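In: following is a predicted model, sequence given first.
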Amino acid sequence: MISVILVTKGSRLVLLESCLKSLQKQTFQEFEIVLVYSIFPSSLSSFLSNKNLVALKEEGSTIAEARSLGVRHAKGDLVAFIDDDCEAPGNWLEQVYSTFVHHPMLCCLGGTTLTPPEESSKNPLTLVQGSFNGSFTQKACFDSAAVGKISTSNVAYKKNVFDKIGYFNERLKSGEDWDFNIRLVENGCALRFDPTIFVWHHSHGLKHAFVRSSEMGPFFLSWKTLRYAKHESIFASFYFTNLIFLILLAFLFISPIVFLFLLLFSLLGHFIFTAASTKILNRKIIYYPWILSLTLVRVIGFYFGLFRWVVQLATF
């Protein structure tokens, strides 16, 4: 049996309902849903009549704690995760199950998240977010090269790996899935990322990107994460982008002329990299300002969160 763990704050009701309905339509039926919630909307009470759904009230302060709670109560040999702003196609669990059957040594199987086509066609920012993220997740990869591509929006683990290496790092507000994947690799567990196993993910704009980046400080400041940048392109791009940002900031005060030259050179390099990596070599490249805005929001969000984190440490 597969235990599908779904963590929700209960604030995205429409999306949560869509997620639960998509799970009810799975072709693979040997599964349970472990719903871990902060606030349970009364309108979802009808879902509780499903004998395969278990609802748990979480008391922790991080999503990692909520996910660990779900794992502890899971009955399945496989534990799958999906976010409350995602929808699973009907064959999602069937693909997960068959992959583990064909690869019995596998400990972790992750898939990609795709933006629904109707959302991409209506919102340039949504198209940008989907295209840019997708540029890192177009090919299957294994172990060290997969740690940053596998997230808890679409992943399945053998439950016994939690007995082997422990649960998610409950001190992390974000990045706990990547941290866990690194620990798997360090303990000799086999990981697989398969882009053909996907779920639909509804994007949330610049505010969501800012908040998520502001919570990533403790993860990216870890020496362990930095070491894995040579294996994982998502990690490497983060460190490289921040290095360029700090160099530009330094030259802004040292020499405005050099700063302007470096800024133009960096923008040109970023433009070429974006066009090549996202394969947007057509009229959609006019959305580049949105990509640049998204990058800046993530960088600013990271330093805002870093400043807040340092202040919190200083007050203790």
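Out: Looks like it came in fine.
In: residues touching D83, list them.
Out: L6, V7, C19, T152, S153, H201 (CB atoms under 8 Å, 6 or more residues apart in numbering). C-beta here means a position set from N, CA and C on the backbone, and glycine is covered the same way.
In: where neighbours are concerned, which of the residues you listed has the most?
Out: When neighbours are counted by other CB atoms under 10 Å, C19 leads the contacts of D83 with 26 neighbours.
In: after the strand ranked longest in the chain, next one along is what?
Out: Using DSSP state E, we find that the single longest strand of the chain is strand 190-201. Downstream of strand 190-201, the first helix or strand assigned by DSSP states H and E is helix 205-214.
In: the helix or strand just after that following helix packs against which elements?
Out: Using DSSP H and E, the helix or strand that follows helix 205-214 towards the C-terminus is helix 217-220. Helix 217-220 is packed against helix 176-186, helix 233-254, helix 288-315, with contacts defined by 3 or more CB pairs under 8 Å, 6 or more residues apart in numbering; DSSP states H and E.
In: looking at the ones you listed, which is buried most?
Out: Neighbour counts (mean count of other CB atoms under 10 Å) averaged over each of the helices and strands packed on helix 217-220 peak at helix 176-186, with a mean of 22.
In: what is it packed up against?
Out: helix 63-73, strand 106-114, helix 160-165, strand 190-201, helix 217-220, helix 223-227.
In: can you pull the contacts of H231?
Out: S144, A145, V147 are the contacts of H231 under CB under 8 Å, 6+ apart.
In: typo on my end, it should be F31
Out: F31 neighbours (CB under 8 Å, 6+ apart): M1, I2, S3, V4, L23, N52, G76, A80, L93.
In: what do you get if the cut-off is 7 Å, keeping everything else the same?
Out: M1, I2, V4, N52, G76, L93 (CB atoms under 7 Å, 6 or more residues apart in numbering).
In: can you flag which of these belong to strands?
Out: I2, V4.
In: I'd like the next helix or strand past the worst-scoring helix or strand of the chain on mean pLDDT.
Out: Lowest on mean pLDDT, DSSP states H and E among the helices and strands of the chain sits helix 124-134, with a mean of 62. Downstream of helix 124-134, the next assigned helix or strand under DSSP H and E is strand 141-142.
In: quick check: pLDDT value at E215.
Out: Predicted confidence (pLDDT) for E215: 93.
In: just give me the residue right at the centre of the protein.
Out: S151 (4.3 Å; CA atoms, centre = their mean).
In: that older thread, who wins on neighbours among the contacts of H231?
Out: With neighbours taken as other CB under 10 Å, the top of the contacts of H231 is V147, carrying 28 neighbours.
In: that one contacts V185, doesn't it?
Out: Yes: look at V147 against V185 with CB atoms under 7 Å: they come within range, at 6.1 Å.
In: T152: which element?
Out: Here T152 is assigned to no helix or strand, by DSSP H and E.
In: wait, what's in contact with it?
Out: Here T152 is in contact with R67, F81, D177 (criterion: CB under 7 Å, 6+ apart).
In: likewise for G90?
Out: Going by CB under 7 Å, 6+ apart, the list of residues near G90 reads K25, Q26, T27.
In: look up how far L264 lies from the residue nearest to the first one when sequence neighbours are not counted.
Out: Spelled out, that is K25. The shortest distance from K25 to any non-neighbouring residue, by CB to CB, 6 or more residues apart in numbering, is to G90 (5.2 Å). Distance from G90 to L264, counting by CB to CB, to the nearest Å: 49 Å.
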